[in-house]
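Asks: Build me a model from this:
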Amino acid sequence: MKYMGSKRAMLTNGLGHLIEEKTKDRRRFVDLFCGSGAVSSFVAQRTELPVLASDLQKYATTLTEAVICRTKGFDLQKVHDVWYREASNWIHEDPAFLKEVLALGQQPTNGPESIEWIGRTRVIAELSSPRYPITRAYGGYYYSIQQALAIDALRATVNKKNRATKLAALISAASSCAAAPGHTAQPFSTTETSLPHLLNAWRKDVFLETTQALNKLSTTWAKVRGEVKQKNALDVTENLNDGDLVFVDPPYSEVQYSRFYHVLETVVTGKAITAEGSGRYPPITQRPQSAFCLLTKSIDEFDRLMLGIAAQGAHSIVTFPAGVASNGLSGEIVEALSAQYFKVKKREVASVFSTLGGNKSNRNARQGTNELILYLVPI
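Replies: You can find the predicted model right below:
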């Protein structure tokens, strides 16, 4: 899925080898900023350690839970057939709205007709009932109204059985289908340059994308059942112990990450929002806020975090861009703060990072960088 800080590439470029080496004498692996779940899932599948993963955002803990809290596969066809039948029935329970959506007809192929059609789509979506939180907030923007209706239907029919797995598949599909340049901070516009990208994204099949994600999850599970917590990283450190290996991959942006993933958060919670601004965001009071993304607080917050880990006697692996990040932290600062409480072994690897909305006209969406990897043992 689209994710700005995913560690998947680094897992094949030194990080994975270090983790496998350092988990051998540990009793638990703790991922304090689990994000897409790449690192937690890697450890859960390759080692016999239980994994505790945490994040401020629900979509992140759900993606991770779908793998680390399951110790066997599932019957893909059975899950697929029952879920999709229930979703189809849910859509047909409101024939008047379905008729209104179908009356829009096929998506036009030329610019002027498409813009007029998009306008009608947005009106229908925004006037839909609270039954359709995704359609009301994002239909005609990040998704076609048909895509948004499909997401609403699948979300509404997720039941307790295989709940996290289904939600994770839907999150993955919602990310794949989103008409946005990398993340959901802002949808593609209807300008001559962006319109083709928006319409191409709208042609994706939500049900097919969800099926593909389910298929992948059906063959992926943990060796030992883990645990997830939607909590602040500092709070999680209070319950660490000296048998833990703690993975720390903190935010590197001065912009709150919830701005880039609000669509996925709405998908997983299923709650209606009041969409604001060009990005269709929920009000800022309804979005998780991290002190790591504040220039005035990020350094002190990282200092407190490392002190908390060291105080519990846990070992740690920290990753961070080697240069200066927009939130005021840098590789140099991260290393210096860590060295107050730990013996530090350092290495650097080549990596890429998201520039958060960059494009070829102002800056590349992703840029090459050196990533710092620190292995820390309490002094």
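
Asks: So in terms of bridging, what pairs with Glu227?
Replies: With DSSP bridges applied, Glu227 shows beta-bridge pairing to Leu52.

Asks: how close does it sit to Asp152?
Replies: Distance from Glu227 to Asp152, counting by C-beta to C-beta, to the nearest Å: 30 Å. Every C-beta, even on glycine, is put in place using the N, C-alpha and C of the backbone.

Asks: So the two - more neighbours on which side?
Replies: Using other C-beta atoms under 10 Å, the more surrounded residue of Glu227 and Asp152 is Asp152, with 26 against 16.

Asks: Can you classify that one as helix, strand or coil?
Replies: The three-state label given to Asp152 by DSSP: H, G, I helix; E, B strand; the rest coil is helix.

Asks: dump the residue contacts of it.
Replies: Contact partners of Asp152, counting by C-beta atoms under 8 Å, 6 or more residues apart in numbering, are Arg131, Tyr132, Pro133, Ile134, Thr135.

Asks: Can you say which of these are buried?
Replies: Neighbour counting by 16 or more other C-beta atoms under 10 Å classes Tyr132, Pro133, Ile134, Thr135 among the contacts of Asp152 as buried.

Asks: what about the closest residue to the second one other than its chain neighbours, distance to Lys72?
Replies: The shortest distance from Pro133 to any residue that is not its chain neighbour, by C-beta to C-beta, 6 or more residues apart in numbering, is 4.1 Å, and that residue is Ala272. When distances are taken as C-beta to C-beta, Ala272 and Lys72 turn out to be 35 Å apart.

Asks: When those two are compared, which one has more neighbours?
Replies: Ala272 (16 against 6).

Asks: my read: that one touches Thr135, true?
Replies: No: with contacts counted by C-beta atoms under 8 Å, Ala272 stays clear of Thr135, the gap being 10.2 Å.

Asks: Domain parsing of this protein, as residue ranges.
Replies: 8-72+222-251+290-378, 76-163+177-217 (automatic domain parsing).

Asks: Quick one: these as CSV, columns for mean pLDDT too.
Replies: As requested, these are exported to CSV (pLDDT from 0 to 100):
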stretch, mean pLDDT
domain 8-72+222-251+290-378, 92
domain 76-163+177-217, 95
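
Asks: what's the most buried one of those?
Replies: Among the domains of the chain, domain 8-72+222-251+290-378 has the highest mean neighbour count (mean count of other C-beta atoms under 10 Å), at a mean of 19.

Asks: Quick one: end-to-end distance for that one.
Replies: Length of domain 8-72+222-251+290-378, first residue to last, C-alpha to C-alpha, to the nearest Å: 27 Å.

Asks: what do you get for stretch 192-209?
Replies: 27 Å.

Asks: which residues sit against that stretch?
Replies: With C-beta under 8 Å, 6+ apart as the criterion, stretch 192-209 contacts 84, 107, 109, 111, 114-115, 143-144, 147, 150-151, 154, 172-174, 176-181, 187-190.

Asks: and what of stretch 320-339?
Replies: Taking C-beta under 8 Å, 6+ apart as the rule, stretch 320-339 contacts 249-255, 292-296, 298-299, 302-303, 306, 316, 318, 344, 346, 348, 351, 353, 369-372, 374, 376.

Asks: again, but for stretch 165-177
Replies: Against stretch 165-177 from outside (C-beta under 8 Å, 6+ apart): 1-3, 59, 62-63, 65-67, 70, 74, 79, 83, 143, 147, 151, 154-155, 158, 184, 201, 204, 206, 209-214, 217, 263-264, 267-268.
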